[in-house]
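Colleague: this one's structure only:
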């Protein structure tokens, strides 16, 4: 029964760690917005990697699961990962409350949007997920670089709609998406 319990905790920890690793370690936005939980995840990350090294050194499942403190350590790892996941979900819900159309995109796509908020051209790839009839924004180009000014939008049928005035993208992505929605109307 000890082996079953420890394996259950380790598999749960592995699933949680796999889902959160790229989010907490690679996303600068999440690291900045959730610094306490990022530190928590970094601790879990090092524990998890050490656990995997230990398991590799002990190929027998009974031996690996019967080590002193293994059950408690695996259980604690699961609890810490749950806290990180909960904090991440609360953060995403906060963004969804500001711009409710984020409810139409997956959490993975939303994380991609949020982490690229300062790069509207990357966010432009997800505009179609937020607005049913819109394919993309058209950026005003100055020289060779696209500027953070939008003069209109393309529909999914590639019809162009010119905005009455240019739309300047500033601030957080959820805020400028609200402004874009108003501009579209």
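Modeller: Structure's in. What do you need? In this text, all values refer to a predicted model and were calculated from it rather than measured experimentally. Numbering: from 1, shown residues only.

Colleague: any idea how far residue 18 is from residue 118?
Modeller: 27 Å (C-beta to C-beta, to the nearest Å). To be clear about C-beta, it is placed using only N, CA and C from the backbone, and glycine gets the same treatment.

Colleague: who's more crowded, those two?
Modeller: Counted by other C-beta atoms under 10 Å, residue 118 and residue 18 do not tie: residue 118 has more neighbours, with 13 against 10.

Colleague: quick one: pLDDT of that one?
Modeller: With respect to pLDDT, residue 118 scores 85.

Colleague: for it, give its distance to residue 49.
Modeller: Taking C-beta to C-beta, one finds residue 118 at 31 Å from residue 49.

Colleague: again with residue 151
Modeller: Residue 151 sits 49 Å away from residue 49, going by C-beta to C-beta.

Colleague: give me the more crowded residue out of those two.
Modeller: Between residue 151 and residue 49, counting by other C-beta under 10 Å, residue 151 is the more crowded of the two (14 against 11).

Colleague: quick one: what helix or strand has the more buried one in it?
Modeller: For residue 151, the element it lies in under DSSP states H and E is strand 145-155.

Colleague: give me the next element, helix or strand, following that strand.
Modeller: For strand 145-155, the following helix or strand on the C-terminal side (DSSP H and E) is strand 160-168.

Colleague: what packs against the next helix or strand along the chain from that next one?
Modeller: Downstream of strand 160-168, the next assigned helix or strand under DSSP H and E is helix 173-184. On a contact count with 3 or more C-beta pairs under 8 Å, 6 or more residues apart in numbering; DSSP states H and E, helix 173-184 meets helix 70-98, helix 107-115, helix 120-123, strand 145-155, strand 160-168.

Colleague: tell me the angle the fourth one makes with helix 173-184.
Modeller: For strand 145-155 and helix 173-184, the angle between their directions (axes from the mean of the first three to the mean of the last three C-alpha atoms, to 10 degrees) works out to 50 degrees.

Colleague: which residues touch the strand holding residue 151?
Modeller: Strand 145-155 is touched from outside by 120-121, 127, 133-141, 160-163, 166-170, 180, 183-184, with contacts defined as C-beta atoms under 8 Å, 6 or more residues apart in numbering.
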